[in-house]
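Visitor: need coordinates for the below:
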Amino acid sequence: LRQRFADRNGASDTALSVSIIEQGAKKFGIDDDLTSGQKLYFTHQRYMQYLLEKSRKQYWEKNLEERRSTDEVLAKTIESMSAEDREKLQRTLKIDHLSVESFKSVMLGASPAAAMAAIQMTGFGAYLALTTIMHAVFTTMLGITLPFAAYTGATSFMSVMLGPLGIGLSVVVFGLGSYWAKTKIDREICALIVFVLGLHVVESFNVEQRQLPSGFLLEQVSAHDSALRVMQEELSRERERHLQTRARQERAETEARKANEREQKKETQLRELIHKETLLQQRDATVSSKQTASEAHRLRSAIEEREQDLLRAQAEIRVLQEGLSNRTAELRASEDSLRQKVAKEERWNASRRKELSMSYSVHFPRFEFMPNSLRWLASQPVDARLAAESALKELHESREPCALGQRKIASIPNLFETRFQLPAKVPARICYRPDANRIQIQMICKRADLDEELRKLS
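Guide: You can find the predicted model right below:
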């Protein structure tokens, strides 16, 4: 199995675990942007749903003898449970008396939630998973039909499967499947391994908010974030006003420039008319005719008209220049206001970065947060920061952070990338550089911003 996955994430225990989780998640189309822990959780949940559907279908497809054999398996499972476990299962299923019939009424009834709880609490779910795998590998892939006794006989080692050696046996089963099967069966068996793991550690799947730095004092953090959002909204409105003011100032500049161009054109036309009039007056004074007099009158009228146009243009320019001055003053005031609000936000973020740095030094002592990563975390609302901290916690607790990374970034030496999701299923990335005893968190960003951030980093 290590040889099979060695070219993916390496051959270590952590790398092997990550590979199995990834393959199991792909069986159900689990989002690839989730962390390995989240994939483990959702694969486990989806596999329980899958088992519930299979159990109901398989039971009603059996003949009477096979159903009796299944009932015997259930009876032995219930009898082998401790009194405490039976009482707990009874409370979970909300039944007055725990028996094969009452158990089946829940498993085959209309309450998926109660049935999933039963699958999780007993070995019956793993039994169904095992029979499904045996059928898939032997019947589907090898063309060998096993008798029903082979399925019921499989329960003889279910207690081992659900015990400390369970994972080892799962790996053995997976090794056989890998040797014979293709991708579909690989993923099926990987999902089984993830499911059996989940039976042991289901309580530790989801990280509670109170276990995260920003969730430790959630009310205080939420209040700070609310104030930050108000400040960011004010800054956003100020930026919008600034853009509008700049646009008005640019329009005023354009109008003033066009008015100056029209004035210059009118001045040119006026000079040309005056030049023509001068030439006409310089003609031979002895030559006089009605035509010359008429032409001189026409030129004089045109000159007077152009002079009036030029005066109006000059008046228009004065008005536009005054408007341009006002718009320029508005723009300067807007720039000053924007600078003040940006400086206020930066002071707030600097204070927040300092608080986060102190908090993270306690919660994540192995991490060294680079300025870009702290700046991003400080600017995020509390729900986005909690999502990032959950992924950071998983990375921090990993024995081999290099193996946990989904991708090694080729353009920057020794830089790894791991994935997580922000609220609304927005893909995000954590880029980190492992060292001997420390892990540098180089940057955190949305997936859409990753390429640009990597260019800056390189």
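
Visitor: quick one: low-confidence parts of the stretch 101-250 of the chain?
Guide: 110-182, 185, 199-207, 217-221 (pLDDT under 70).

Visitor: apply 50 and report the result again.
Guide: 140-142, 155-181 (pLDDT under 50).

Visitor: ok, residue 442 touching residue 369?
Guide: No. If you go by CB atoms under 8 Å, residue 442 and residue 369 don't touch, sitting 9.1 Å apart. In short, each C-beta sits where N, CA and C put it, glycine included.

Visitor: and the gap between residue 197 and residue 454?
Guide: 34 Å (CB to CB, to the nearest Å).

Visitor: and residue 41, by the same measure?
Guide: Residue 41 is 29 Å from residue 454, by CB to CB.

Visitor: what do you get for residue 105?
Guide: 57 Å.

Visitor: and these two? Which one has more around it.
Guide: residue 454 (19 against 14; other CB atoms under 10 Å).

Visitor: pLDDT at that one, what is it?
Guide: In this model, residue 454 is scored at 89, pLDDT.

Visitor: that one is in contact with residue 417, isn't it?
Guide: No. The criterion here is CB under 8 Å, and residue 454 misses it with residue 417 at 9.3 Å.

Visitor: where do the contact lists of those two overlap?
Guide: By the contact definition CB atoms under 8 Å, 6 or more residues apart in numbering, residue 454 and residue 417 are jointly contacted by 409, 431.

Visitor: does residue 309 touch residue 267 like I think?
Guide: No. Between residue 309 and residue 267 there is no contact under CB under 8 Å: 9.8 Å.

Visitor: for stretch 50-68, output the C-alpha coordinates as CSV.
Guide: What follows is stretch 50-68, C-alpha atoms only, in CSV (Å, rounded to 0.1, in the frame of the first residue of the first chain):
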residue,chain,number,x,y,z
TYR,A,50,-24.8,4.8,2.1
LEU,A,51,-24.9,1.9,4.5
LEU,A,52,-28.4,2.7,5.7
GLU,A,53,-29.6,2.7,2.1
LYS,A,54,-27.8,-0.6,1.4
SER,A,55,-29.0,-2.2,4.6
ARG,A,56,-32.6,-1.5,3.8
LYS,A,57,-32.3,-2.6,0.2
GLN,A,58,-30.3,-5.8,1.1
TYR,A,59,-32.7,-6.8,3.9
TRP,A,60,-35.8,-6.8,1.8
GLU,A,61,-34.0,-8.5,-1.1
LYS,A,62,-33.1,-11.5,1.1
ASN,A,63,-35.2,-14.7,1.3
LEU,A,64,-36.7,-15.9,4.6
GLU,A,65,-33.7,-18.0,5.5
GLU,A,66,-31.2,-15.2,4.8
ARG,A,67,-33.3,-12.8,6.9
ARG,A,68,-33.3,-15.3,9.8
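
Visitor: quick check: buried residues in that stretch?
Guide: For stretch 50-68, a neighbour-count test (16 or more other CB atoms under 10 Å) marks 50, 51, 52, 54, 55, 58, 59, 66 as buried.

Visitor: so which of the residues you listed is the closest to residue 329?
Guide: Closest to residue 329 out of those is residue 50 (68.8 Å), distances taken as CB to CB.

Visitor: check which helix or strand covers the closest one.
Guide: According to DSSP states H and E, residue 50 maps onto helix 36-61.

Visitor: could you list every helix and strand in contact with that helix?
Guide: When contacts are defined as 3 or more CB pairs under 8 Å, 6 or more residues apart in numbering; DSSP states H and E, helix 36-61 packs onto helix 13-27, helix 100-107, helix 112-121, helix 124-134, helix 183-201.

Visitor: what residues are up against the closest residue to residue 98 other than its chain neighbours?
Guide: Closest residue to residue 98 apart from its sequence neighbours, by CB to CB, 6 or more residues apart in numbering: residue 90 at 4.6 Å. Residues in contact with residue 90 (CB under 8 Å, 6+ apart) are 96, 97, 98.

Visitor: before we move on, which element is residue 90 in?
Guide: Short version, using DSSP H and E: residue 90 is in helix 83-93.

Visitor: same question, residue 408
Guide: Counting by DSSP H and E, residue 408 is part of strand 407-409.

Visitor: show me what the helix or strand following that strand is packed up against.
Guide: Using DSSP H and E, the helix or strand that follows strand 407-409 towards the C-terminus is strand 415-422. If you count contacts as 3+ CB pairs under 8 Å, 6+ apart, strand 415-422 packs onto helix 382-396, helix 401-404, strand 407-409, strand 426-434.

Visitor: looking at the ones you listed, which is closest to residue 186?
Guide: helix 401-404 (19.4 Å).

Visitor: pLDDT on the closest one, on average?
Guide: Mean predicted confidence for helix 401-404 is 80.

Visitor: quick one: the helices in the stretch 251-400 of the chain?
Guide: 290-363, 371-379, 382-396 (DSSP state H, counting those that start in this stretch).

Visitor: buried residues in the second one, which are they?
Guide: Yep, that's helix 371-379 we're talking about. 372, 373, 374, 375, 376, 377, 378, 379.

Visitor: now for the last one: which residues touch it?
Guide: With CB under 8 Å, 6+ apart as the criterion, the residues that contact residue 379 are residue 349.

Visitor: could you redo the last one with a cut-off of 10 Å?
Guide: Each residue near residue 379 by CB atoms under 10 Å, 6 or more residues apart in numbering is listed here: 228, 232, 345, 348, 349, 352, 353, 385.
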